[in-house]
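Novice: predicted model and sequence below, questions to follow.
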Amino acid sequence: MANFTPVASLLGGLLIGIASVWLLAANGRIAGISGILHGLFVQPPGDRAWRGAFITGLIAAGFAWHLFAGPAPVREGFGLGWAAAAGLLVGIGTRIGGGCTSGHGVCGLGRFSMRSLVAVAVFMVVGMIAAVVTRHVLGVAS
């Protein structure tokens, strides 16, 4: 079972938790990626520096992980068009839901937000439906 990576998952979760607490303690900001990215384009220039640094850090961490762990496996049967459509739907969903999984799931649940609890429940149900449709209706193997 190559996908079972408890140590890497635990370390990743700890780093995400530390980063979100640090951002809240240092800046008084919630580590919701969609809100940070949106604010990068609509906030005054003085508020853009930390947002740009945060997004740059996310991208740099992805490249650093690939240098450390090697390239990610290529997913057959899931082309660029499907990935673009999925990304567009996720973006639309974050605007409709008032935030993303990082904002609601990592930060909102930690603050005992009822709105975030509902949002995470909806994310989970829709994710399960999407997995069933992708696998059993469209026939895309995981």
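Specialist: Arrived safely, thanks for sending. The model shown is predicted, which means the values in this text are computed figures rather than measured ones.

Novice: give me the below-cutoff pLDDT ranges for the protein.
Specialist: Along the chain, the model assigns pLDDT under 70 to residues 1-2, 74-75, 77-78, 141-142.

Novice: what segments of it are helices?
Specialist: Here the chain has its helices, by DSSP state H, at 6-27, 33-42, 48-69, 80-96, 101, 114-132.

Novice: got the contact list for the last one?
Specialist: Residues external to helix 114-132 that are found in contact with it (C-beta atoms under 8 Å, 6 or more residues apart in numbering): 93, 97-99, 101, 103-105, 107-109, 142. Backbone N, C-alpha and C define where each C-beta goes, glycine included.

Novice: from those residues, keep the buried residues only.
Specialist: Buried subset of the contacts of helix 114-132 (neighbour count, 16 or more other C-beta atoms under 10 Å): 93, 97, 99, 101, 103-105, 107-108.

Novice: now for these: which two are most distant?
Specialist: Farthest-apart pair in those is G93 and C107; separation 17.3 Å (C-beta to C-beta).

Novice: ok so, going back, out of the buried ones among the contacts of helix 114-132, who's nearest H66?
Specialist: Looking across the buried ones among the contacts of helix 114-132 and measuring by C-beta to C-beta, the closest to H66 is T101, at 22.0 Å.

Novice: number of nearby residues for the nearest residue to the closest one once chain neighbours are set aside?
Specialist: Of all residues not flanking T101 in the chain, F123 sits nearest, at 5.7 Å (C-beta to C-beta, 6 or more residues apart in numbering). Using other C-beta atoms under 10 Å, F123 is surrounded by 16 other residues.

Novice: how about the helices of the chain in JSON lines, adding distance to L138?
Specialist: Formatted as JSON lines, the helices of the chain follow (distance: least, C-beta to C-beta, whole Å):
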{"stretch": "helix 6-27", "distance to L138": "28"}
{"stretch": "helix 33-42", "distance to L138": "26"}
{"stretch": "helix 48-69", "distance to L138": "27"}
{"stretch": "helix 80-96", "distance to L138": "9"}
{"stretch": "helix 101", "distance to L138": "23"}
{"stretch": "helix 114-132", "distance to L138": "10"}
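
Novice: so of those, which one's packed in deepest?
Specialist: Stretch with highest mean neighbour count among the helices of the chain: helix 101 (a mean of 21; mean count of other C-beta atoms under 10 Å).
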